[in-house]
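Asker: heads up, no residue letters with this:
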C-alpha cells in the first residue's frame, strides 16, 4: 500500500470494535491525522444500502458496477464485484491523503491487528487470528503470549496512546 499506516480491529459482534474505532478516529483526527476506515460486513450477503431512494442508489440497483455521488466535498461510493478483497479496497484508498487506515474484520489479513475479547469463549481467537499485536478485553486474561500488549476495554487513553505509538505516530 502507499505510505499509510494500517491497523485492524477484529473480534466478534458487540466486542467493542466499532465503539473503539470511533474513539480512535476522533483521537487521531484531533491530533491532525487523516484517517480512513474499512469495515467488513461479516453477516452474510451484501450490506444494506444506506439510502435506497437516491439517484446513485437507483443507478447501482439498476446494474451499475460503481456508483457515486459527490457534494460539498463528500463522496459516497458503492461498488459491486464478484469479490472485493481488502487489498482491492485499499487500492482505492491510496488515492486519498490518509495517514492511517483502520479496518474491522478481515481476521486473516497480514496487517497488524488488535483482537477484542468479550467472553472466555472468544479466547480461541488468539490461536485463529493472524498478526495480533494487542488484545483489548472485557476481563483480565492470564497466560497471554508475552509479545502481546493487553488492555482492559475501559483503559481508553492508555490504549489510544499505545496504538499511535506502535504505529509510529508522534502525537505528544
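Answerer: Alright, I've got the coordinates. Just so it is clear, the model here is predicted, and its values are computed rather than measured.
Asker: quick check: buried residues in the helix or strand containing residue 56?
Answerer: Assessed by DSSP states H and E, residue 56 sits inside helix 55-61. Judged by neighbour count using 16 or more other C-beta atoms under 10 Å, the buried positions of helix 55-61 are 56-57, 60. Just so you know, the C-beta spots here come from the backbone N, C-alpha and C atoms, and that holds for glycine as well.
Asker: for residue 3, state which of the residues you listed is nearest.
Answerer: Of all these, residue 3 sits closest to residue 56, with 30.2 Å by C-beta to C-beta.
Asker: what is the mean pLDDT for the strand or helix carrying residue 151?
Answerer: Per DSSP H and E: residue 151 is located in strand 149-152. Strand 149-152 shows an average pLDDT of 93 in the prediction.
Asker: and residue 83, how far from residue 89?
Answerer: 11 Å (C-beta to C-beta, to the nearest Å).
Asker: the more surrounded of these two?
Answerer: residue 89 (16 against 5; other C-beta atoms under 10 Å).
Asker: pLDDT-wise, which helix or strand of this structure ranks last?
Answerer: Using mean pLDDT, DSSP states H and E, the weakest-scoring helix or strand in the chain turns out to be helix 55-61, at a mean of 73.
Asker: ok, so of the buried residues of helix 55-61, who is nearest residue 127?
Answerer: Each of the buried residues of helix 55-61 was scored against residue 127 by C-beta to C-beta, and residue 60 proved nearest at 39.5 Å.
Asker: neighbours of the closest residue to that closest one other than its chain neighbours, just the number please.
Answerer: Among residues not flanking residue 60 along the chain, residue 67 sits closest, at 4.0 Å (C-beta to C-beta, 6 or more residues apart in numbering). Residue 67 is flanked by 20 other residues according to other C-beta under 10 Å.
Asker: now residue 67: phi and psi?
Answerer: phi -140, psi 140 (degrees, to the nearest 10).
Asker: please name the residues that touch it.
Answerer: Contact partners of residue 67, counting by C-beta atoms under 8 Å, 6 or more residues apart in numbering, are 56-57, 59-60, 77-79.
Asker: pLDDT score for it?
Answerer: 79.
Asker: what bridges to it?
Answerer: residue 78 (DSSP bridges).
Asker: distance of it from residue 100?
Answerer: The spacing between residue 67 and residue 100, counted by C-beta to C-beta, is 27 Å.
Asker: equivalent analysis for residue 64, please.
Answerer: 30 Å.
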